[in-house]
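Visitor: test case, fold it:
(chains A and B)
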Amino acid sequence: MSSAVATMNRWTGEEMQKRVAKRYAAERRFRFFGLAAVGLSIAFLAFLLVSMAWQGLGGFSRTETKLTIDFPRSDLILDPAALKGPQAQEVVATAGLEGVLEQAAVAQFGEGAGELFGGGSARSLGDQLIADPGLLSRKVELWLPVSSKADVAAKGDGDPAIEKLVAKAETKRVFNGEFLTASDATDPSVVGVWGALKGSFLTILVTMGLAFPIGVLAALYLEEFAPRNRWTDMIEVSINNLAAVPSIIFGLLGLAVFLNFMHLPRSAPLVGGLTLALMTMPVIVIAGRNAIKSVPPSIRDAALGVGASKMQVVFHHVLPLALPGILTGTIIGMARALGETAPLLMIGMRAFIASPPAGITEPASVLPVQIFLWSDEVDRGFVEKTSAAIIVLLVFMLMMNGLAIYLRNKFERRW
Amino acid sequence: MTLSLALVAILVIAVAAGLFARNRAAGLRGAGARLNSLPNYHALYVALWAALPALLIVALWSPVQSGLVDQAVLASPVGQKLPDFDLARDTILTEAKEIAAGEREGGFNPESSELAPIYATASARYASIGGGVAIVIAMLGAFLAMRRIKVDFRARSGVERWAMGLLIGASLIAILTTLGIVLSLLFESLRFFELVSPTEFLFGTTWSPQMALRADQAGSSGSFGSVPLFWGTAFIGAIIAMIVAIPLGLMCAIFLTQYAPHRLRAWLKPILEILAGVPTVVYGYFAALTVAPIVRDFGIAIGISSASSESALAAGLVMGIMIIPFVSSMADDSIAAVPQAMRDGSLALGATKSETIKKVLLPAALPGVVGGVLLAVSRAIGETMIVVMAAGLAANMTINPFESVTTVTTQIVQLLTGDQEFDSAKTLAAFALGLALFIITLILNLIALRVVRKYREAYE
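Guide: Now for the predicted structure:
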């Protein structure tokens, strides 16, 4: 018996060696699983980003084709003088340029070629006519953006009949700047994100204007002044809970309180900003308290020692030293608010809004909601527009998070 | 006069009074006296007394005013002829309000253009009353505060009392928000439970919120049994998402804290955090457009003909990926909180690193990890956009992940989007669902926070 134990436990024994090898193999396996988990997570992220970029980059470009239009022989009745007046936009919008395009397209590419051109093409033609009214008196060759259907076909994903038409035409791909300056529309070839982006800016502005001061003041009170009693405990518990309440609940709160009780305007950035402010405030309070906590007590003691009042200590010394940390937390909270969709759906920010909002009480849409709305559209042309809008949103989020990281690295102080 | 004009007037009064007070205090100082407080504090003191009470009055008056204006309009001869039906009357009133404000030319209802001038005069009258009172209060405040400016006046203490009030007020907002959530959810839910019995809501197994508009209408039973919704929520958020997130998140945390060299960790951790920063609407789009077709094709390939393109699996998978960094950072914290002595002891006995992790660190960190998982579950079941975009609307009770289920949050969005009157059982049901969701997440959070805190204390 004892000799058996001895052979099992002898360091150089064969069984011991085997067990050690097994244990080391298990160690390597475990390590590999860890690496695989990290790799898998990062692969998911990469897959997500690459697939969005792949689909979305097309949304930033549009297909143009060369079309010969013989203006003098078309049915177009348009006074070149009217194109120089202030109402030029209205004149070309009502001149029936679509008909001219269809005529010219059928003449050049054959029956059914009217499908090649849409509302966006007519608008571009109108702009070119305003720029040079002289075009009206001759036969010209113009580069015009094609319709959404033809655009999808040119990118190899559309109706075979239109694909044939596109193959016949001379086409080129150009950067679609209008995507960044136009607003929502029903025709995917002319939509843009500017309206939604402006709505997002206004909403975030309201959120920041409310959540930042209130959050900072609350954090200062809780960290520096609050006596330890039941009230303070209640405030703390409710802040910690609010930070974990699902965002859609804040949407319900906004709907019940801001819209149905206070009768604020529906779909307005004001209401969206208020709702998101309530949601972001706990995040700012928690980040603020951590930043305030990390300011060393010796600073407070020194200021008190030279005769500053408690309030002066806090506002002249503690707050400026804690501010970079608070700002970092605030920016991260704002980035989250920027990407938030669900509470804004609840307060009616899902209406179709074709012009950018002029103020915080005008109906508006925001970028994430715009993405959600476009993702519901059946038109194939919206697929790449949705992904392109996602790219815009991600770029903004990345910029905000990058700013937060920069601020942290630049101003973070270790005491 | 509108209230915004009054606001501007109050601010002008406050600034002017402040500047005046500073001059006066500086004058006292110039005369050779030693002031108790700096002139700037005198200025701030006067400005605060001028602005804050008046602003408070404006804030309190504006909701009162809209009620009074409505009353005045309804009491007018034209207003009394309006239909009694709430919805129709409210539409006309809203139109009249918009015409009066110059936001639109004319309404769909002819009454609204008749009402508009009455509206305009009534609101002008009440706004001048409220605004006038506020301006008087502002001047009074400025005047009274100004009289106190003397050499030994403690203006700084006065300003600090105001600042303290602001600080307390700001921290009370958190309580008010919580209260607002609870009250608004509770109030609307109680109205819902007057229409639908709580037992049907809690234990019923059929969910079809379409109310019958006519008695003989088919397929509009209007039953509100929420069990299938809660099953769907738990199935996607607590089961499928966690099957993805717990192993991956835990192994990520272990690798990053125990194995990865410092520089690699400094790179990998922020990259993982990006996963948590991607907006949920992007995940939803990704789930619906990319993951769902793959899952459906896979389901059909392994012989499940009922595989849906809105499967629970697609939504759950993507939600799990979103939760990974959350689980990972919670696990990271609790592993880091295990005392170094326990780790050293295990290593000194000859255990390999993985044995130490599996047999010592993880059991010791388990409460923290469990708390983190509970928090992650609470986040997953409250998550909205992924399930709205990728999960279905059919209230199925199925354990087949390739079939479509619906969740509480999806139904809230479905019930509340689209135009309908606010009092129908359908919209009220959304608040009842919201209340249930709020209570469940609250309980999960409270348990999780308690577990995490208790466990931290045990090691500190």
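
Visitor: and residue B:2, what is it in contact with?
Guide: Contact analysis of residue B:2 by CB atoms under 8 Å, 6 or more residues apart in numbering or on different chains lists B:124, B:127, B:131. Bear in mind the C-beta positions are built from the backbone N, C-alpha and C, glycine included.

Visitor: ok now whatever helix or strand the first one lives in, how far from the chain's centre?
Guide: This points to residue B:124. Assigned by DSSP states H and E, residue B:124 belongs to helix B:110-147. In terms of CA atoms, centre = their mean, to the nearest Å, the centre of helix B:110-147 is set 33 Å apart from its chain centre.

Visitor: separate out the buried members of the contacts of residue B:2.
Guide: Buried by 16 or more other CB atoms under 10 Å in any protein chain shown: B:127, B:131, out of the contacts of residue B:2.

Visitor: hang on, the earlier thing: buried ones in the helix holding residue B:124?
Guide: Neighbour-count burial for helix B:110-147, counted by 16+ other CB under 10 Å, picks out B:111-112, B:114-116, B:118-120, B:122-123, B:126-128, B:130-131, B:134-135, B:137-139, B:141-142, B:145-146.

Visitor: among the residues you listed, which are in reach of chain A?
Guide: The overlap between these and the neighbours of chain A (CB under 8 Å from any CB of the partner chain) is empty.

Visitor: who touches the residue in chain B that chain A sits nearest to in this structure?
Guide: Residue of chain B nearest chain A, by CB to the nearest CB: residue B:382 (2.4 Å). Residue B:382 makes contacts with A:245, A:246, A:247, A:248, A:249, B:409, B:437, B:441, as judged by CB under 8 Å, 6+ apart.

Visitor: the third one: what's it in contact with?
Guide: Read that as residue A:247. Contacts of residue A:247 were listed using CB under 8 Å, 6+ apart, and they are A:279, A:340, A:342, A:343, B:382, B:384.

Visitor: how deep is the fourth one tucked in, by neighbour count?
Guide: Read that as residue A:343. Residues near residue A:343, counting by other CB atoms under 10 Å in any protein chain shown, number 25.

Visitor: let me know the helix or strand that the residue in the stretch 1-150 of chain A that chain B sits nearest to is in.
Guide: Distances between the stretch 1-150 of chain A and chain B by CB to the nearest CB are smallest at residue A:34, namely 2.9 Å. Residue A:34 belongs to helix A:14-56 when assigned by DSSP H and E.

Visitor: who touches the helix or strand that comes right after that helix?
Guide: For helix A:14-56, the following helix or strand on the C-terminal side (DSSP H and E) is strand A:61-70. Here strand A:61-70 makes contact (CB under 8 Å, 6+ apart) with A:100-101, A:104-105, A:107-108, A:116-117, A:120, A:125, A:139-146, A:150-151, A:154-155, A:166, A:169-176, A:189.

Visitor: and for stretch B:5-22?
Guide: Stretch B:5-22 is contacted by residues B:39-40, B:42-48, B:50-51, B:54-55, B:58, B:127, B:130-132, B:134-135, B:138-139, B:142, B:145-146, B:149 when judged by CB under 8 Å, 6+ apart.

Visitor: that older thread, tell me which of the contacts of residue A:247 fall in helices.
Guide: Judged by DSSP state H, the contacts of residue A:247 include A:279, A:342, A:343, B:382 as members of helices.

Visitor: can you name the residue of the stretch 301-415 of chain A nearest chain B?
Guide: residue A:339 (2.9 Å).

Visitor: show me where the stretch 101-250 of chain B has helices.
Guide: Along the stretch 101-250 of chain B, counting by DSSP state H, counting those that start in this stretch, helices occupy B:110-147, B:155-195, B:198-203, B:227-233, B:241-254.

Visitor: gap between residue A:236 and residue A:322?
Guide: 18 Å (CB to CB, to the nearest Å).

Visitor: ditto for residue B:296
Guide: 51 Å.

Visitor: residue A:133 now?
Guide: Residue A:133 is 63 Å from residue A:322, by CB to CB.

Visitor: one more: residue A:358?
Guide: Residue A:358 sits 37 Å away from residue A:322, going by CB to CB.

Visitor: and the two? Which one has more around it.
Guide: Using other CB under 10 Å, the more surrounded residue of residue A:358 and residue A:322 is residue A:322, with 24 against 10.

Visitor: same for the strand or helix carrying that one, what does it pack against?
Guide: Residue A:322 is located in helix A:319-338, with elements delineated by DSSP H and E. Helices and strands touching helix A:319-338, by 3 or more CB pairs under 8 Å, 6 or more residues apart in numbering or on different chains; DSSP states H and E, are helix A:194-220, helix A:269-293, helix A:381-411.

Visitor: from residue B:152, how far out is the residue of chain B closest to chain A?
Guide: Residue B:382 sits at a distance of 58 Å from residue B:152 (criterion: CB to CB).

Visitor: out of the contacts of strand A:61-70, name the ones that lie in strands.
Guide: Those of those mapping onto strands are A:139, A:140, A:141, A:142, A:143, A:144, A:145, A:171, A:172, A:173, A:174, A:175, per DSSP state E.

Visitor: need the residues you listed in a markdown table (columns: neighbour count).
Guide: Shown next, in a markdown table, are the ones in strands among the contacts of strand A:61-70 (neighbours: other CB atoms under 10 Å in any protein chain shown):
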| residue | neighbour count |
| --- | --- |
| A:139 | 13 |
| A:140 | 15 |
| A:141 | 9 |
| A:142 | 17 |
| A:143 | 14 |
| A:144 | 23 |
| A:145 | 24 |
| A:171 | 17 |
| A:172 | 12 |
| A:173 | 13 |
| A:174 | 11 |
| A:175 | 10 |
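
Visitor: which residue does the stretch 201-350 of chain A bring closest to chain B?
Guide: Of all residues in the stretch 201-350 of chain A, residue A:246 sits closest to chain B, at 2.4 Å by CB to the nearest CB.
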